[in-house]
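Enquirer: give the three-dimensional model of this entry:
(one chain, ligands or ions: 2)
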Amino acid sequence: MNRNNLVLVSGVKPTGRPHIGNYFGAMSQFVELQNEYKSFIFIADLHALTSLQNPKELNENIIDVALDYLAVGIDPKVTCIYKQSDVPQVAELAWVFNCITTVPYLMRAHAFKDAEAKNKEINIGVFDYPMLMAADILIQDADIVPVGADQKQHLEITRDTAEKFNRIFGETFTVPKERILEKVETIPGTDGQKMSKSRDNVIGLFASDNEIKEAVMKIPTDSKEVDEPKDPETCKVFALHKLFTEGPEFEDLLHRYESGGIGYKESKEILIKNISNFIAPLREKRERLAQDKDIVIKILKDGGEVARKRAEEKMEKVRQAVGVSL
Ligand code: ADP
Ligand code: TRP
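Expert: Ligands and ions are numbered 1, 2, ... in the order given. Sure thing, here's the model as predicted:
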């Protein structure tokens, strides 16, 4: 279905390298949806500043994330891809939102409470994070916001903020919905637990063949012999086959798991081959794109201009609504 008149907005923080869990859980849906919705995907560099205060690293991360998304198939001709800081109107709008939001309300945010529980020195940016995020979304009149389940509360805050503004100053903002892929299975990492950057158990989305091999070989299995039947539902190697092995090869594998006749070593070898075949073209595309960073910078700059123009039009309506525009 073409919902091209509906607007999709999502942001990605430029911290850390993506893994196959991120791809199947989140990144791939931006690519799938880009022809259905008018899409705006941005690199949340101002949000990253709340935790990353190293200019060189932030600079490199911005380009890295742009390369990641271009390599997996975000098409800059279809999707407006930009960096948040190229739309300074979001900071202006966040200030307006600050003025209609109470401190106790923001103190209920999970991210703030988590930081507080860890006894961290919390900067105002962390506390105010949800207001900047609301501004990112509302300034582009988003209808849907694809995010991970951990962002659900941020979307609730965004909706509350839109409704509160509309109540005080008159109908101005579209009230957006989140889009959460609840059914996407949690992809296991090389220790059998949820694959996560913080657990050091990832298979990088742009991993080399050697890295893939090493990672897959680490996945724990039980000690069943080749001839014994094996349970595909509990086997962590099989969980990855579901993503990477297809057609008759998958059917054959399933059959041999259930009736015996395949060892974990062979199962892993098939998996390594299939993950490598999946990653190789992505890795090559990323390497090609990385050779000309100027093109990437130009894509972000052009996207920034489009996003900024829309944001400025919206912001002018906000200025009029609140009474600062003469
Ligand atoms: P990480 O846990 O590695 O730090 P993030 O929290 O940055 O990953 O998640 C970014 C996106 O990737 C989220 O939308 C999240 O739902 C998705 N994601 C992360 N890990 C997995 C996984 N193991 N399986 C499925 N989706 C995942
Ligand atoms: N908070 C999001 C995250 O941590 C990133 C983000 C910032 C975002 N602004 C956004 C996501 C707007 C969606 C829409 O992943």
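Enquirer: residues from the stretch 101-250 of the chain in reach of ligand 2?
Expert: Counting by CB under 6 Å from any ligand atom, the stretch 101-250 of the chain comes close to ligand 2 at 133, 136, 137, 145, 147, 151, 154. C-beta here means a position set from N, CA and C on the backbone, and glycine is covered the same way.
Enquirer: now the residues you listed in CSV, with pLDDT and neighbour count?
Expert: Shown next, in CSV, are these (pLDDT from 0 to 100; neighbours: other CB atoms under 10 Å):
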residue, pLDDT, neighbour count
133, 98, 25
136, 98, 27
137, 98, 29
145, 97, 23
147, 91, 21
151, 92, 18
154, 97, 19
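Enquirer: need the pLDDT of whichever residue of the stretch 201-326 of the chain sits closest to ligand 2.
Expert: When distances are taken as CB to the nearest ligand atom, the stretch 201-326 of the chain reaches nearest to ligand 2 at residue 307, 12.2 Å away. With respect to pLDDT, residue 307 scores 98.
Enquirer: for it, give its distance to residue 264.
Expert: For residue 307, the distance to residue 264 (CB to CB, to the nearest Å) stands at 49 Å.
Enquirer: can you count the residues close to the residue of the stretch 201-326 of the chain closest to ligand 2?
Expert: By other CB atoms under 10 Å, 26 other residues sit near residue 307.
Enquirer: what is the helix or strand harbouring it packed up against?
Expert: Using DSSP states H and E, residue 307 sits in helix 293-322. Judged by 3 or more CB pairs under 8 Å, 6 or more residues apart in numbering; DSSP states H and E, helix 293-322 is in contact with strand 38-43, helix 55-72, strand 80-83, helix 89-98, helix 152-169.
Enquirer: can you put those in CSV and add distance to residue 126?
Expert: Output for the helices and strands packed on helix 293-322, formatted as CSV (distance: least, CB to CB, whole Å):
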stretch, distance to residue 126
strand 38-43, 19
helix 55-72, 16
strand 80-83, 20
helix 89-98, 14
helix 152-169, 13
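Enquirer: so what pairs up with the single nearest residue of the chain relative to ligand 2 in the strands?
Expert: Going by CB to the nearest ligand atom, ligand 2 is nearest to residue 11 of the chain, at 3.0 Å. In this entry, residue 11 is beta-bridged to residue 42, by DSSP bridges.
Enquirer: show me what contacts it?
Expert: Residues counted as contacts of residue 11 (CB atoms under 8 Å, 6 or more residues apart in numbering) are 41, 42, 43, 44, 47, 84, 133, 136.
Enquirer: pipe these into JSON lines and attach distance to residue 121 per row.
Expert: JSON lines is the format used below for those (distance: CB to CB, whole Å):
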{"residue": "41", "distance to residue 121": "32"}
{"residue": "42", "distance to residue 121": "28"}
{"residue": "43", "distance to residue 121": "26"}
{"residue": "44", "distance to residue 121": "22"}
{"residue": "47", "distance to residue 121": "18"}
{"residue": "84", "distance to residue 121": "24"}
{"residue": "133", "distance to residue 121": "21"}
{"residue": "136", "distance to residue 121": "25"}
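Enquirer: residue 322: which of those is nearest?
Expert: The nearest member of the contacts of residue 11 to residue 322, counting by CB to CB, is residue 136 at 18.8 Å.
Enquirer: name the element the closest one belongs to?
Expert: With secondary structure defined by DSSP H and E, residue 136 is part of helix 124-138.
Enquirer: and the contacts of the next helix or strand after that helix?
Expert: Per DSSP H and E, the first helix or strand lying C-terminal to helix 124-138 is strand 144-146. The contact list for strand 144-146, computed with CB under 8 Å, 6+ apart, reads 6-10, 26, 29-30, 33, 37, 137, 151, 155, 158, 176-181.
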